[in-house]
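Novice: next come a sequence and a model predicted from it.
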Amino acid sequence: MSEFVLEVRGLCKGYGVVPNRVEVLNGIDLELNQGAFEAVMGPSGSGKSTLLHLLAGLLAADSGEVTLGGVKVTTMSDAEVTVFRRRRIGLVFQDFNLIPTLSAEENIVLPLLLDKRRPDRGELDALLARLNLTARRSHLPSQLSGGERQRVAIARALVTRPAIVLADEPTGNLDSPAGRAFCDTLRMINSDDGVTILMVSHDPVVTAAANRVHLLKDGEFVGNFGTESDAALVSQRYLEIMKG
Amino acid sequence: MITITLLKRLRHEKLRTIAAVVGVAAATALLVWSMGLTYTTIGQSREKARSMTRPFNCWINTQPAGFGRGAPPPVARPGGSPVISDKVVSAVKGVPGVESALSLSVLRATLDYRPDGRVMQGPPLMATMTLAPPSGSPYSDAAMTGEWPDVDAEAPLAAVCSAVFTPRRLTPPPLGSPLVLLTTNGALTVTIAAIIDMPRVAPGFPTLFTTASVMKEARGGADEPAEANLLLCKARNPQAVADGVAGLSGAGEALPNQVTTRSVLEEQSVSDAIRNFKRQAPLLLTLAALTGLCILVNTMMVGIALQERTLALLRITGMTARQVARTVAIEGLFTAFLGWVFGVLSGWGALAIFVSRNAETFPEGVFLGWQTAPVAAAGVAVVTALALILPCRQALRIRPLDAIADVPPLPAAPALRRILLGVVLLMPLLIFALPLPFSALWRNILMLAVGLPVHCIGLWLVLPGVVSMVERLAVAPLGLLLGLDRRLLMRRDGRHAARVAGMVLTLAVGLGSFVAIHVWGSSMMSPFVPSRTFPDVIVSILPRGVPVGAAAKVSQLEGVADHRCLAIEAVQRDLTPAMLERISKTSGKETTAGNVLFLGADPLAVFGGEKPLAAFVFREGERLAAATALARGDSCVITKMFSRYSGLKVGDDLKVMASRPSGGRGGRGGGPGAGRPAGRPEAAEARGSSRPGGRPGPGGVGENVAPEASFKIVGVIDLNWHLVTSRSNVRGRYGYSGMTTGPVFVNEDVARRFSGNSEKTYHLWANLHQDYRALGALPAGQKLEAEIRKVLKVDEDNTIRVHHRDEIEDGTLAHGAHLIGAIARVPFWSLVVLTTGIAALLVASVRARAREVAVMRAVGMTRSQLGRMLLGEALLTTLCGVVLSLLGGGCIGWAFTGVTRAAMSFGGLPLTLVIPWLTLAKGVGFALVLCVVMALPSVVWLTYRVNVQTIE
């Protein structure tokens, strides 16, 4: 059994056909330990979101392997990977992507509803309390602020106790204070609950919340470094590596 | 430029566009088909007339025959109908160009035909019989199987045309089969020696050719008269024959009839076809229009919802609201135009294929009728104009900022006040259906101008409430059925509800029409279904009857319950002018049948004792007291229908004319007991000895009798009497027509005094013994008939028919179901077309919620779960449509029951509401299955089409 929660080997993905084919990812290798909080950073078009979608099983890779929690995701059928994603992966998106007709609580327990599982009321209440959503549990998304919506999104990602949380530009639609608060929330759940988090962002302030950053350029990892929670350091190292 | 760009968008919304085009095309095709079929039928009229008369093309018929529909002509009394003189026959033969002229003496007869041994319900089969010409079948062009009967043969042989059996869609019995004919002079049995393959024959033309001995017996032993009452001619110029005969009248010749040519028959066929079309047109046109309207509105509204962001962006860039609305209108017109083109082509194509496959019925081929295309175009234009009102209004409301709206707040739940108002507005239509005191014309005006539109507005207002209620009630069981949490099926998006509303209304139109027709049909039929309180059987022994005392013999049979069998004497009497005026005032209409049908039987047996023969339910009066009063001879019991019609109740007097008016009406169509000629000895004898001792009583027939007879009403009973009295031929006796305002129960003596018949019994009443009941209606009836024939020694001069109440009921229900089913076929097809909208709705729904659906997939919804969720959405929409259609269709069906009842010429019918739940359940089941079938392709396609990357 692998010591890594996430293990990626030689992952490749391209779009289109020759001569218009674009190779978005060229042989990505990545490993994440249990309890890691790491980020992927890169310019627009570098393949960050594609990488996250491949890891989540939302896209099929052209080649390579993804093993999550000891399970090879890349060899699963669509139905299998969907069920796996529902139970073992938490997803947080830039645009929150809450279901507008479900309340905050219902959005949070959506993966459980799809799994036909009853949510544990005690656990749910605790989760809501941790994320300061107790008073807003029955509100619809249209009645929540941006920050609250994103916290609902995190709660939805955590409700199934996933093996890993994948966050794609999670602060993209938040203002700076809300974004900082969000990053603090991520750090909290990582440190308190040991949740493994892989985040994608182009913002050094956000990626500085993670412990390590992997730089992605033209579909390949070109380097990685510890953030020391220093956004300026992240920014400086990013520029150095990208130029180099 | 913008318009062209937007129209190009239709390529990317193929499913919605196709659904709209298909809907308009189907509605257009329905109209084109119906009109084209009418034109084609009209086009066949020449060949139809030819096939009905070949080889003859002109004729003289002195029988008062009607063409086409209408009552069959009465039995021609021997020596009673006008004849065609030799002079006329010679004149016709002398016209140049007349190739042949066949003069015949014909007689109408009723057939006692029992397929599979069952007494047929409904109008009997009739035959026009004549001597078989020695030269063979006059219908030389028609194929014949068997051997032409020799006119001088001893054996009673006959050649029969298949047209005799065509009215009831029966195949002729095999050669050698017996055929029982009923004439005024008794029953005759002939053997079928030949069958002429001629499915349609002109009215009055002979359909049965037989021997001299049979004809002699049919005429009561009279020799064949020398003069004819039918002259069939084949002439090169039929008009010349008509002119020649008409010219004879100038010479003082009193002609009984004029020459009829084939062209008259052609004209009649044309007007029949047009009349048929006019009868169907209102329902057809309404449904076609509503189908097209609903599909267009639905798909256009869905399209606007899908394009809302695009249209809002256009508004931001500078397009005015009117320009946006114009774009929507152009899209609608373009779609409608495509639909019209496809509709006309497919309607014509379907008609051409149908006609080519039925070459025998349409030998002249198809007549498309150039008018159908422009008429259809006009219809489509009107419907499109109406259909665009809502979408254009919606388009005008699009605000530029709608393009950049984040998560818009959900609209508020439908206001309770609005729903309550909707419920209130449903009521006027139902109120106008009640028997309120205004004329049928005013009722129609109020219904159509006020009731129906207000009802439709009410349905529109209650719709959100219906959708909300159905969702609340149905999501849990639907979730269980589909294996999904019910919260995944709940829709609280107001914009989605607007999309759904269009589909719900669309479904409600199709299924609602089906519901309305069946509710109307069942409610209309209900008063005609024989009451269960009638005795099990009524036996008719016609035309000659049996001696009085037969009842006592029959009551000893083991098949008769409680050894009780009663004789009934049936006779009609006209109501007095005062009574007629009363009816007219009470009912608001003139009565078409100003008589009542006295049914005379032993009242103590019928109504009295612990176990009366008839379990009639008394609505007024008391049963035992009524029986005692009836026994006195000056009282009567009437039906609730008659009471309602006339306003008469217990304690009032029913007044009738004591005797028949002279020169009375013709008897009922050809049936036995249809009235004896005045000269017959039995009738005169019966009148002379009507009462023992010749004592004139109240209403007695005699010389010194009061002109009016009066009976005290001692009871009012609930009774559905129409078909029992019709099938058993108790009506239309003694020269009266078959129409009556209803039965009146009196003492047997009273009835016999009126009829003047004291010697014969023609009808018997009895209940069946339990063991016979267990056999079933038909076997029990057949067994009892054989036993009665044996015990009463009834010879072949009479027919015995055992009319079982259950068989009459079955026949009534079957006939009604057939009629209603024929009318309900149109909304059925309409429903099929309308459910195609489900596919477009689902696609639109997913597209509008593309990101939401993608998120669900991303969070972990499998394709199977997504498919089931979409299917659940389709089923919920269908269920909303079902509820609305049951509500609206039921109300409209009942309302039109009231309208029809008010417009009927005979009154007194109760306003009952009968809901055929089983039939409606089948319709609902069909609609649900249809929606699933229509939704499935979209569901399957969408589950694979949803791109999870739409979340970005």
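Specialist: Right, received. Where do you want to start? Everything numeric in this text was worked out from a predicted model, so none of it was measured.
Novice: using PDB, list the CA coordinates for the helix or strand hosting residue B:717.
Specialist: Element membership for residue B:717 (DSSP states H and E) is strand B:708-718. Taking Å, rounded to 0.1, in the frame of the first residue of the first chain, the C-alpha atoms of strand B:708-718 are listed here in PDB:
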ATOM      1  CA  GLU B 708    -110.200  13.000 -22.000                       C
ATOM      2  CA  ALA B 709    -109.200  10.400 -19.400                       C
ATOM      3  CA  SER B 710    -107.800  11.400 -16.100                       C
ATOM      4  CA  PHE B 711    -105.600   9.400 -13.700                       C
ATOM      5  CA  LYS B 712    -104.500  10.400 -10.200                       C
ATOM      6  CA  ILE B 713    -100.800  10.200  -9.800                       C
ATOM      7  CA  VAL B 714    -100.100   8.000  -6.800                       C
ATOM      8  CA  GLY B 715     -96.400   7.500  -7.200                       C
ATOM      9  CA  VAL B 716     -93.200   8.700  -8.900                       C
ATOM     10  CA  ILE B 717     -90.500   6.200  -9.600                       C
ATOM     11  CA  ASP B 718     -86.900   6.500 -10.700                       C
END
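Novice: parallel or antiparallel, list what pairs with that strand.
Specialist: strand B:617-620 (antiparallel), strand B:635-639 (parallel), strand B:653-657 (antiparallel) (DSSP bridges).
Novice: export the helix or strand just after the second one to CSV, keeping only CA atoms.
Specialist: Scanning the chain past strand B:635-639 towards its C-terminal end, the next helix or strand to appear is helix B:640-646 (assignment: DSSP H and E). Listed in CSV are the C-alpha atoms of helix B:640-646, where the atom choice follows Å, rounded to 0.1, in the frame of the first residue of the first chain:
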residue,chain,number,x,y,z
LYS,B,640,-89.2,10.8,-12.2
MET,B,641,-88.1,11.9,-15.7
PHE,B,642,-91.7,12.6,-16.7
SER,B,643,-92.3,14.3,-13.4
ARG,B,644,-89.3,16.6,-14.0
TYR,B,645,-90.4,17.3,-17.5
SER,B,646,-94.0,18.1,-16.7
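Novice: how about the strands paired with strand B:708-718 in JSON lines, adding mean neighbour count?
Specialist: Backbone N, C-alpha and C define where each C-beta goes, glycine included. JSON lines is the format used below for the strands paired with strand B:708-718 (neighbours: other C-beta atoms under 10 Å in any protein chain shown):
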{"stretch": "strand B:617-620", "mean neighbour count": "16"}
{"stretch": "strand B:635-639", "mean neighbour count": "27"}
{"stretch": "strand B:653-657", "mean neighbour count": "20"}
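Novice: which bits of chain A sit near chain B?
Specialist: For chain A, the residues in contact with chain B (C-beta under 8 Å from any C-beta of the partner chain) are A:49, A:53, A:56, A:58-59, A:78-79, A:82-83, A:85-87, A:91, A:93-95, A:97-102, A:106, A:110-111, A:113-116, A:140-143, A:156.
Novice: secondary structure element holding residue B:276?
Specialist: Judged by DSSP H and E, residue B:276 forms part of helix B:262-317.
Novice: which strands or helices does that helix pack on?
Specialist: In terms of contacts (3 or more C-beta pairs under 8 Å, 6 or more residues apart in numbering or on different chains; DSSP states H and E), helix B:262-317 is packed against helix B:14-43, helix B:45-53, helix B:321-357, helix B:372-387, helix B:389-396, helix B:494-525, helix B:805-834, helix B:836-848.
Novice: and those helices: which comes nearest residue B:647?
Specialist: Comparing the helices and strands packed on helix B:262-317 against residue B:647 with C-beta to C-beta, the closest turns out to be helix B:494-525 (23.5 Å).
Novice: now do the buried residues in that closest one.
Specialist: Across helix B:494-525, burial judged by 16 or more other C-beta atoms under 10 Å in any protein chain shown covers B:494, B:496-525.
Novice: equivalent analysis for stretch A:210-224, please.
Specialist: A:210-211, A:213-217, A:219-221, A:224.
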